[in-house]
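In: I would like to see how this sequence folds:
(2 chains)
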Amino acid sequence: MAKNFGRITETKTAVPDVDADLMVRLARGDKSAARTLMDRRLPRLLGLARRMLKDPIEAEDVAQETFLRVWKAADRWRPGEAKVETWMSRIAINLCYDRLRKKRETLMEVLPERTSGEPSAEAQLGESETTEQVIAALAVLPDRQRMALELCHFQEMSNIEAAAIMDVSVDALESLLSRARRKLRETLMSQSGDLLTGFATRGEEG
Amino acid sequence: MDIQKFAELLDAYGGNTARWPENQRGDAQSFADDNPELTAPLVEAASALDHMLDGARDIPASDLLARRILAQSPNPFLSDWRQAAAAAAAVLVVGAMGGYAGGSLLPQSATDSTDDNYADVFDSLSADWEFDLGGGA
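Out: Sure thing, here's the model as predicted:
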């Protein structure tokens, strides 16, 4: 366990796979296990897909497709191979990656380049204003910067894992991360008073 | 490790050491312990951004999406394709046997007069209709 310095905190620890038992029950067709797994993992998968794809409808499609693949593979899942949460995240990331690639190919046929996306009107539905501001700031990042941040920050992958997935060097990954965080700082810190107040209020409510 | 390298790592990976490259954590830790006045403000700024990002980690799902996902979850008795195939085969066998057995139980008669009796009932109808039509004229 690494010791803490300053305000840097170590939160990544080896924990048992809390979803392992659910997968065994799922393989037997236990509907309550399906509901528990969905309640536990859907918001995070939806967040992942939403941040990567910038489109709430596409994000829902990816989340649904991820669970469909989990349902189908439940009887082949074996404990100890990979944490269920990690496995599900990988499925969702691959699905998002495929969609981004197809979208990029389509856009390149129609437009010379597109560096930013605008959140749709539906994006406002059902989400807090503070979350929406962060999502909007992430949405204007170039795809590769957003992907690097998604893998390293939100999915907490190591730099080596993330670089391998993105097929770039670790140095290139760090450059993408730095540029992403710099841009986010510029965007979000100007709204930081409102944002921090919003998160603090939500924390008290939760 | 110097302040420039420390700042670069913080800039890329944020204020949580869990996200830092493993081979840099020890050196960074020592440097921060020795230079808190230099590192603390940088760590604080990076952690503030982390905090904002973490607020957008989860997004609540709609009831409709939850229902769509659950509707596709495995069924208790058909969770395995082999079970599904066995169940389908069993249905076919039982159906075939039932059909065979049921057919053999039906009464069979070579001199079935039902059709003749049924036709005889209508023989007098034409006369009745002639009577009615005439009476109404």
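In: Any part of stretch A:33-46 near chain B?
Out: Yes - using Cβ under 8 Å from any Cβ of the partner chain, stretch A:33-46 reaches chain B at A:34-35, A:38, A:42-44, A:46. For every residue, glycine as well, the C-beta is placed using N, CA and C.
In: okay, the residues you listed in a markdown table with distance to A:A162 and neighbour count next?
Out: As requested, the residues of stretch A:33-46 next to chain B are exported to a markdown table (distance: Cβ to Cβ, whole Å; neighbours: other Cβ atoms under 10 Å in any protein chain shown):
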| residue | distance to A:A162 | neighbour count |
| --- | --- | --- |
| A:A34 | 30 | 22 |
| A:R35 | 32 | 15 |
| A:M38 | 27 | 22 |
| A:L42 | 23 | 23 |
| A:P43 | 22 | 16 |
| A:R44 | 17 | 19 |
| A:L46 | 21 | 24 |
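In: Among those residues, which are located in helices?
Out: A:34-35, A:38, A:42-44, A:46 (DSSP state H).
In: Looking at the residues you listed, which is nearest B:N35?
Out: Nearest to B:N35 out of these is A:R44 (Cβ to Cβ; 36.3 Å).
In: Please point out which parts of the host helix or strand of B:G26 sit buried.
Out: Taking DSSP states H and E as the definition, one finds B:G26 inside helix B:22-34. Neighbour-count burial for helix B:22-34 flags B:24-25, B:28-29, B:31-32 (criterion: 16 or more other Cβ atoms under 10 Å in any protein chain shown).
In: Tell me, please, where in chain B the pLDDT is lower than the cut-off.
Out: B:77-84, B:86-87, B:102-137 (pLDDT under 70).
In: quick one: the strands in it?
Out: Read by DSSP state E, chain B holds no strands at all.
In: how about the helices in it?
Out: B:3-13, B:22-34, B:36-54, B:63-71, B:81-105, B:114-121, B:125-136.
In: contacting residues around the spatially most central residue of chain A?
Out: The centre of chain A sits closest to A:L48, judged by Cα atoms, centre = their mean, with a distance of 2.3 Å. A:L48 sits next to A:89, A:92-93, A:96, A:150, A:154-155 when contact means Cβ atoms under 8 Å, 6 or more residues apart in numbering or on different chains.
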